[in-house]
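Asker: need a structure here:
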Amino acid sequence: MQEITPDELGEQLRDGDDGPLVLDVRHEAEFEDWHIPDSINVDVYDELTDDPERAKEALSDLPREERIVTVCAAGVVAQTATEVLGELGYDAVTLTDGMNGWSRVHRHAEVPAELDGDSAIVQVARPGKGCLSHVLVSEGEAAVFDPSHYLDEYEAILEERDAELVGVFDTHAHADHVSGGAELAAGHGVPYYLHPRDALAMDATPVEDGQTVTVGGLDVDVVHTPGHSEGSVSFDVDGAALLTGDTLFHESVGRVELGVEAGIEDADVEGNAATLYESLRRLLDRPDDALVLPSHDPGSPEPPVSATLGEVRERNEDLSRDREEFIETLASDVPDHPPNFERVKRTNVGREDVPDDELAELELGPNNCAAE
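Answerer: Model prediction:
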């Protein structure tokens, strides 16, 4: 069986023009909803499932000078496509585990934050989910913010930086992916920090507005910024960087209805929008040169993804709306929900326990945590 792993494909795609042609054989609607960047879609899923010979005509028009990587949801139907392409004389391989496998890929790079001493912030991007997490390293100590439940990348960074983990933080109870924060913290015997309004049934160390946690030689100040969720916080890292979770993105802000619709918030959407408006005002008081590091980025982020607060002010139309327009826009213009967001949200507040073998499927799909 000819296969390519998601990590291998990720590295090849980073090479730009030298990368393979990625062929997605899923239905067009699924492809439009979520796909690997720069891939093409030939919707022959039904043909490949029912009668592969019928797929040959549609697949015969593909360029013959490039290697083709076939993709479906889990890699099964794509393997049939690879076999058909082989019969047609193409050089083709299958992406192992399909989009499920692609969602597990993680990459990391240091962000250009101006921190004192030997301190650094390493950004971990999960391109298949649009997720961003961060590892703060200072004077031999480290803290991890918003980790996925795939922990190998974080362990590798700790080893690479020769740093001792002293704490794990979540900016909020996420709705698009299951957090690995509690597991990572327990494995190292360190605190797992989450605001009490989101730690509904979690054994977490509470963080409160105005609290300061020290990591090596750096102060991490807690700023309670509810709205996206009742327990959303942002972290001000020594005045040089703002880890804003899903409160503030570079070109949008966090949506305000997910906790309500998941049944874990006794609130209303308009009230959450008003709360988020006030939370954003607190962040906008910071210096223009502070880096804004959210926990998500649309598309397929390549680390480091960063922008100064001054740049975000210019790019983000939501920040120029007055209070009334802001509330009306967020409460009425509701995008598609993240897949399975109710179960993901309940898992992250401690009200549901998802078996390990179900986590990958639960998370499968695009990130839709931004308001626009």
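Asker: Please name the residues that touch the closest residue to Glu363 other than its chain neighbours.
Answerer: In this structure, Glu363 finds its nearest non-sequential neighbour in His177, 5.1 Å apart by Cβ to Cβ, 6 or more residues apart in numbering. From N, CA and C alone the C-beta is placed, and that goes for glycine too. Counting by Cβ atoms under 8 Å, 6 or more residues apart in numbering, His177 touches Arg126, Lys129, Cys131, Ser148, His149, Val344, Glu363, Asn367.
Asker: Kindly recompute the last result at 10 Å.
Answerer: If a contact means Cβ atoms under 10 Å, 6 or more residues apart in numbering, then His177 has 103, 126, 129-131, 133, 146-150, 295-296, 338, 344, 347-348, 359, 362-363, 367, 369 as its contacts.
Asker: Okay, and which of the residues you listed map to strands?
Answerer: The strands, defined by DSSP state E, take in Arg126, Cys131, Ser133 from the contacts of His177.
Asker: if I pick Leu9, what's in contact with it?
Answerer: Applying Cβ under 10 Å, 6+ apart, the residues near Leu9 are Gly19, Pro20, Val22, Ile36, Val69, Val71, Val93, Leu95, Thr96, Gly101, Trp102, Val105.
Asker: Ranking by neighbours, what's the top pick from the residues you listed?
Answerer: Looking at the contacts of Leu9 with neighbours defined as other Cβ atoms under 10 Å, the largest count falls to Leu95 at 30 neighbours.
Asker: Surely Lys244 forms part of a strand?
Answerer: One correction, residue 244 is Thr, not Lys. Yes: checked against DSSP: H, G, I helix; E, B strand; the rest coil, Thr244 lies within a strand.
Asker: Now for it: which residues touch it?
Answerer: Here Thr244 is in contact with 171, 223, 225, 228, 232-236, 250, 253-254, 279-280, 283, 292-295, 309, 312 (Cβ under 10 Å, 6+ apart).
Asker: Repeat that for Glu164.
Answerer: Residues in contact with Glu164, defined by Cβ under 10 Å, 6+ apart, are Val137, Gly140, Glu141, Ala142, Leu158, His188, Val190, Gly216.
Asker: Dig out what it forms beta bridges with.
Answerer: Counting by DSSP bridges, Glu164 is bridged to Glu141.
Asker: go on, the one 4 residues further on?
Answerer: In this structure, Val168 has the following beta-bridge partners (DSSP bridges): Val144, Tyr192.
Asker: my read: it touches Leu184, true?
Answerer: Yes: the pair Val168 / Leu184 is scored as a contact, 5.1 Å apart, by Cβ atoms under 10 Å.
Asker: if I look at those two, which residues touch both of them?
Answerer: What both Val168 and Leu184 touch, as defined by Cβ under 10 Å, 6+ apart, is the set Val144, Pro147, Tyr154, Val190, Tyr192.
Asker: Out of those residues, which end up buried?
Answerer: Val144, Pro147, Tyr154, Val190, Tyr192 (16 or more other Cβ atoms under 10 Å).
Asker: Could you tell me whether the fourth one really is in a strand?
Answerer: No: counting by three-state DSSP, Val190 is located in no strand; its state is coil.
Asker: Pull the contacting residues for Asp170.
Answerer: Here Asp170 is in contact with 133, 144-147, 179-182, 192-195, 198-199, 202, 204, 207, 231-233, 245, 295, 348 (Cβ under 10 Å, 6+ apart).
Asker: Phi, psi for Asp219 please.
Answerer: Main-chain torsions, Asp219, degrees, to the nearest 10: phi -100, psi 130.
Asker: In the longest helix seen in the chain, which residues are buried?
Answerer: If you go by DSSP state H, the chain has its longest helix at helix 269-283. Residues of helix 269-283 classed as buried by neighbour count (16+ other Cβ under 10 Å): Val269, Asn272, Ala273, Ala274, Thr275, Leu276, Tyr277, Ser279, Leu280, Leu283.
Asker: for stretch 227-245, same thing?
Answerer: For stretch 227-245, burial by neighbour count (16+ other Cβ under 10 Å) applies to 227-238, 240-245.
Asker: Enumerate every residue touching Gly86.
Answerer: Gln2, Ile68, Ala92, Val93.
Asker: Among Val168 and Leu184, which residue is more densely surrounded?
Answerer: The neighbour count for Val168 versus Leu184, taken as other Cβ under 10 Å, is higher for Val168 (29 against 21).
Asker: quick one, domains of this structure?
Answerer: Split into domains by automatic domain parsing, the chain comes to 3-102, 107-363.
Asker: what residues does the least confident helix or strand in the chain by mean pLDDT touch?
Answerer: The helix or strand with the lowest mean pLDDT-type score in the chain, counting by mean pLDDT, DSSP states H and E, is helix 258-261 (a mean of 70). If you take Cβ under 10 Å, 6+ apart as the criterion, helix 258-261 is touched by 172-176, 197-198, 226, 228-232, 246, 264-269, 271-272, 334, 337-338, 341-342, 344-345, 349, 368-369.
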